[in-house]
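# Just a sequence and a predicted model for now, questions to come.
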Amino acid sequence: MADRTKGKAKEAWGALSGDEAVKEEGRAQQRKANAEEEVAQRERTSRAKKEAEQAERERDRQKVKDKGLLGGVTDPLTGRDRGS
């Protein structure tokens, strides 16, 4: 965020002073800051996706564990779970 702000300041200073090189340098600094933020966002998204996948696997494992050895098969006569 600081690089983006510095870049905007440089761009503004370049525009005020008529210095195109400083103005372009400010724009380049802003583009760099934007690119770095995009990379950081992709990393956060990837990490969140991996955590969600892990949570889903854990939930599925717990579901299988809760059903017991017979997987929730019920007795057709009593309607009760055979695994209990």
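Thanks, I have the structure now. Numbering: from 1, shown residues only.

# can you give me the helices for the protein?
Listed in chain order, the helices of the chain (DSSP state H) span residues 2-17, 20-67.

# Columns distance to T78 and mean pLDDT on top of those helices, output as TSV?
The C-beta positions use only the backbone N, C-alpha and C, and glycine is treated the same way. Formatted as TSV, those follow (distance: least, C-beta to C-beta, whole Å; pLDDT from 0 to 100):
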stretch	distance to T78	mean pLDDT
helix 2-17	68	94
helix 20-67	18	95
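
# Dump the ones you listed to JSON lines, plus mean neighbour count.
What follows is these, written out as JSON lines (neighbours: other C-beta atoms under 10 Å):
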{"stretch": "helix 2-17", "mean neighbour count": "14"}
{"stretch": "helix 20-67", "mean neighbour count": "12"}
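
# Any chance of JSON lines for those, columns distance to T74?
Output for the helices of the chain, formatted as JSON lines (distance: least, C-beta to C-beta, whole Å):
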{"stretch": "helix 2-17", "distance to T74": "61"}
{"stretch": "helix 20-67", "distance to T74": "11"}
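
# right, and those helices - which one's nearest L77?
Closest approach to L77 among these (C-beta to C-beta): helix 20-67, 19.9 Å.

# Which secondary structure elements does that closest one sit against?
Contact partners of helix 20-67 among helices and strands, from 3 or more C-beta pairs under 8 Å, 6 or more residues apart in numbering; DSSP states H and E: helix 2-17.

# tilt between the helix it packs on and helix 20-67?
Using axes from the mean of the first three to the mean of the last three C-alpha atoms, to 10 degrees, the inter-axis angle of helix 2-17 relative to helix 20-67 is 160 degrees.

# Any idea which residue is closest to the centre of this structure?
T45 (1.5 Å; C-alpha atoms, centre = their mean).
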